[in-house]
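**Student:** With the input below, show me the fold.
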Amino acid sequence: MTIRDILVHIDTAVGCEARLNAAIAMAVTHDAHLVGLYVMPDIRLPAYSEVDIPADILQAQEERQAETAAESGVSFDAATSAAAVSAEWRCVTGDPATTLAIHARYMDLVVVSQHAVDGQLGAVISEIPDHIVLTAGRPVLVIPDHFTGGAIGKRVMIGWDAGQMATRALHDALPILQKAEQVSVMVVNPKKGRIGHNDLPGADVAHHLARHGVVAEADHITAADMGVGDQLLARSADMRADLVVTGAYGHARWKELILGGVTRQLLETMPVPVLMSH
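**Tutor:** Numbering: from 1, shown residues only. Have a look, this model is predicted:
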């Protein structure tokens, strides 16, 4: 697999510039076509609504949305032209999370922010990362809110539990891993046995990666007094990772929302970009 097209979510949030810069950097590294998608939410009220808003007010709102989208398009074109990246601008109307997921299905990678913010309403659209990861069927690169730029994919830590989601994420990330300078396969609290890990946790997947030209170090940690998410975050800091690769929602999403889980913890507290697959 190679990364040939990348979708990046564009909006008016403060973090959009960092998100776009990260997407441009990935497009340059992988010689990929970059698509910027701006989704204008439909402001028309349903027919059963008791609120009667005059048509001229709705029209004025739509015109302001269109102007804002056009300004974002100009900024996108300027940034991609300066980087000499093959790029395409799309502006559509619809539900942001659902529309992003649909467009993402025709891409090799989609780039979103840790928290999406409606620039006009100032509201956090927190379901966007979750919704894209769970419904797009594509790898999702989530950029932290505080991301200030820099390399992505030079020093990579893989969160490995030998599960289906981790396997999907590992193979989705192969084009990135093949260009990395350092790759660590991290197994937290490994369990040995027929459906667990071998004597050296992570060794099997490290051998598999080697056949794809990826030199990976197998590593593991056992600490009953720390959660898996905490251990992954600590280890990623120790190796100064600039990317974490992990499967998303190995357990039911509702259970993680109520009881907590690794996916939720990473999405809430990620120190570096995270590539997730489901």
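
**Student:** Only C-alpha atoms from now on, for both contacts and neighbour counts.
**Tutor:** OK.

**Student:** Low-confidence ranges, the stretch 51-200 of the chain, go.
**Tutor:** For the stretch 51-200 of the chain, residues meeting the criterion pLDDT under 70 lie at 51-53, 58, 116-127, 192-199.

**Student:** can you give me the strands for it?
**Tutor:** Along the stretch 51-200 of the chain, counting by DSSP state E, counting those that start in this stretch, strands occupy 87-93, 109-113, 116-117, 124-125, 140-143, 155-159, 182-188.

**Student:** got a list of contacts for the last one?
**Tutor:** Put plainly, it is strand 182-188. Here strand 182-188 makes contact (Cα atoms under 8 Å, 6 or more residues apart in numbering) with 154-161, 177, 201-202, 205-206, 214-222, 228, 231-232.

**Student:** buried subset of these?
**Tutor:** Restricting the contacts of strand 182-188 to buried positions leaves 154-161, 177, 201-202, 205-206, 214-220, 228, 231-232, with burial counted as 16 or more other Cα atoms under 10 Å.

**Student:** any idea which element H220 lies in?
**Tutor:** Assigned by DSSP states H and E, H220 belongs to strand 216-221.

**Student:** Run the angle between that strand and strand 155-159 for me.
**Tutor:** 50 degrees (axes from the mean of the first three to the mean of the last three Cα atoms, to 10 degrees).

**Student:** other SSEs contacting strand 216-221?
**Tutor:** With contacts defined as 3 or more Cα pairs under 8 Å, 6 or more residues apart in numbering; DSSP states H and E, the packing partners of strand 216-221 are strand 182-188, helix 203-210.

**Student:** let's see it at 6 Å
**Tutor:** On a contact count with 3 or more Cα pairs under 6 Å, 6 or more residues apart in numbering; DSSP states H and E, strand 216-221 meets strand 182-188.

**Student:** So the closest residue to H103 other than its chain neighbours versus A218, what's the distance?
**Tutor:** Of all residues not flanking H103 in the chain, L7 sits nearest, at 7.8 Å (Cα to Cα, 6 or more residues apart in numbering). Distance of L7 to A218, computed by Cα to Cα, to the nearest Å: 32 Å.

**Student:** Repeat that for V156.
**Tutor:** Distance, V156 to A218, using Cα to Cα: 12 Å.

**Student:** Specify the beta-bridge partners of I10.
**Tutor:** Note on I10: beta-bridge partners by DSSP bridges are Y38.
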